[in-house]
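Peer 1: Need the 3D shape of this:
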Amino acid sequence: MDSRLAQFAALNQKDKAPAYLSLVSEILARQDQSLIAPDLHTLVETVVQDVGIVVGRQVLSELVRNLGTGSISDHNLRKRVVEETLSTLQPRIVSYEEQVNSLRFQLADLLETEEEWSEAARVLMGISSRSLPDEEKFRVNIRIVRLLLEDEDSVQAETYYNRAASLSNSTSDRETQLQFKLCQARISDYARKFLEAAMRYHELSWLAEIDEEERKEMLSAAVTCAVLAPAGPNRSRVLASLYRDERSANLPSYNILSKMFLDHILRPAEIRTFEERLRPHQLAKIAISSNDQLASTIDDDDSAEPSTSTRRGPSTVLDRAVMEHNLLASSKIYNNITFRGLGALLDLAPGAAETMARKMIEQGRLKGSIDQVDKLIWFDAAREEDDAQGKAGGLGDVEQTNEDTGAPFTKRWDLQIRMTAANVETIVQHLAEKGLVQQPAVTA
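Peer 2: Residues are numbered from 1 along each chain as shown. Alright, predicted model coming up:
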């Protein structure tokens, strides 16, 4: 090899390119593969150091092309050649930027087949994007995000997702856009924005371009994120959408979905079954703030009783979601409940149960009031039904006049009748205005 390279060095500049190109083909065609890697390494070093940039680019482009088309069938040998060539060219990336980028794409492909996700992502991070069009930059960033999420490195993945988001309008390729939307859903999932993630997963599960099995996985992910989302009206809407999806009935998590939608209280055995299917980031521990810890210790006069829990708050994301759901479900069953009774229901200390209810009321996720003198939480069922039927139903606000019937259950029943009648009348008026229904003829 050294003698051949010495002969090439004495050639005229115009004859060097054909000579080196023929040598590349000759080395790659050898039967003895043990000499391919060292000979190519020597050739690349000679071309980079002793040959001009014009000839060097021609030779290296031919080598990169042959490596990309599978001239070397052995996976490990090809990986070694790509890595050695890349390490030789990297210090001279200004002169050989195109060749270096091509080698990095090939090395990332090789590492991805080995399921070395983070290593493949780091290789792609080193690509020089100065000469790449915006569409190609967008694809590279999306691929980096996907690879990092495979190793659950959500922090670094979010950085590259933000870069991709700024370039999302640079392509009209449907497949690339779908990959970007999936990254959106997964980033929201890892960032514990479960409500947003559930909506994105559910949207993707309807797309016909995606394989049927993958759509089923996305629907399952949507249900999981909806269950983990903070309890409240927004989550109720997402749960309703998933519950009415006919495909949800075939999911393993359908039982807990139906119970959450119907506002049934969840039992520990059901929670354990659901917990087994969660991913590590969905089982993350959550810390209780010092203010909440202090608030949960106030007025715990009954904490000495053996039946009273001593827990000061939820320990995981799932734990918090279940407690908030059971609190919301209890508001549909009881008109009021004591701190101690709510604590027994949620397996919390009475002060911690009051703290959770207070925060949900402050955030508008629970309608009610707290009587700290009598240690009672009063649930405002009338206002909750008004919001759900008048506003969420899309029919606007209906003016109501309260009638004191003397019994809370009668009042609630009368309110439901009035709301139903008002909504039906409004719908009929809309249909009549559009000529979709005719008023019945009045006969004497």
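Peer 1: Where does the prediction get shaky in the chain?
Peer 2: Regions of the chain meeting the criterion pLDDT under 70 cover residues 1-3, 10, 288-310, 381-409, 438-444.
Peer 1: Of all residues in it, which one is nearest the centre?
Peer 2: What sits nearest the mean C-alpha location of the chain, by Cα atoms, centre = their mean, is R186, with 1.8 Å.
Peer 1: My read is that E84 contacts T42, right?
Peer 2: No. Contact between E84 and T42 fails when scored by Cβ atoms under 8 Å: they sit 10.2 Å apart. Every C-beta, even on glycine, is put in place using the N, C-alpha and C of the backbone.
Peer 1: I'd like the next helix or strand past the helix or strand where the residue nearest to the centre of the chain lies.
Peer 2: With secondary structure defined by DSSP states H and E, R186 is part of helix 174-190. On the C-terminal side of helix 174-190, the nearest following helix or strand under DSSP H and E is helix 194-204.
Peer 1: Need the contact partners of that next one.
Peer 2: Residues from elsewhere that reach helix 194-204 (Cβ atoms under 8 Å, 6 or more residues apart in numbering): 178, 181-182, 184-186, 188-189, 210, 215, 218-219, 221-223, 225-226, 228-230, 234-235, 238, 241-242, 245, 317, 321.
Peer 1: Neighbours of A198, how many?
Peer 2: The tally of other residues near A198 (other Cβ atoms under 10 Å) stands at 27.
Peer 1: What's the separation between it and A185?
Peer 2: With distances defined as Cβ to Cβ, to the nearest Å, the gap from A198 to A185 amounts to 9 Å.
Peer 1: Likewise for Q363?
Peer 2: Relative to A185, Q363 is positioned 24 Å away (criterion: Cβ to Cβ).
Peer 1: Contacts only, for D380.
Peer 2: 367-369 are the contacts of D380 under Cβ under 8 Å, 6+ apart.
Peer 1: Quick one, which of the residues you listed are buried?
Peer 2: The neighbour-count test (16 or more other Cβ atoms under 10 Å) marks 367-368 as buried among the contacts of D380.
Peer 1: Sort out which of the contacts of D380 are in strands and list them.
Peer 2: Here DSSP state E is the test, and those give 368-369 as lying in strands.
Peer 1: what would the contacts of D380 look like in TSV with distance to K359?
Peer 2: Supplementary listing: the contacts of D380 in TSV, determined by distance: Cβ to Cβ, whole Å:
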residue	distance to K359
K367	14
G368	12
S369	14
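Peer 1: Excluding covalently adjacent residues, which one is nearest to N101?
Peer 2: For N101, ignoring the flanking residues on the chain, the nearest one in space by Cβ to Cβ, 6 or more residues apart in numbering is I127 at 5.2 Å.
Peer 1: actually P252, sorry about that
Peer 2: The shortest distance from P252 to any residue that is not its chain neighbour, by Cβ to Cβ, 6+ apart, is 6.7 Å, and that residue is R277.
Peer 1: Repeat that for D134.
Peer 2: Nearest residue to D134 in three dimensions, chain neighbours excluded: S170, at 3.8 Å (Cβ to Cβ, 6+ apart).
Peer 1: got it, and R30?
Peer 2: The spatially closest residue to R30, leaving aside those adjacent along the chain, is I36, at 6.0 Å (Cβ to Cβ, 6+ apart).
Peer 1: The one you found reaches E26, doesn't it?
Peer 2: No. Checked against Cβ under 8 Å, the pair I36 and E26 is beyond contact range at 10.6 Å.
Peer 1: Those two - which one has more neighbours?
Peer 2: More neighbours surround I36 than the other of I36 and E26, with 21 against 11 (other Cβ under 10 Å).
Peer 1: which SS state does that one fall under?
Peer 2: For I36, the secondary-structure state derived from DSSP: H, G, I helix; E, B strand; the rest coil is helix.
Peer 1: Distance of it relative to H430?
Peer 2: Using Cβ to Cβ, we find I36 at a distance of 77 Å from H430.
Peer 1: What residues sit buried inside the helix or strand hosting A164?
Peer 2: If you go by DSSP H and E, A164 is part of helix 154-165. Burial within helix 154-165, assessed by neighbour count using 16+ other Cβ under 10 Å, is assigned to 154, 156-158, 160-161, 163-165.
Peer 1: Distance to N66 for those residues - can I get that in a markdown table?
Peer 2: Rendered in a markdown table, the data for the buried residues of helix 154-165 read as follows (distance: Cβ to Cβ, whole Å):
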| residue | distance to N66 |
| --- | --- |
| S154 | 38 |
| Q156 | 34 |
| A157 | 34 |
| E158 | 38 |
| Y160 | 31 |
| Y161 | 35 |
| R163 | 32 |
| A164 | 32 |
| A165 | 37 |
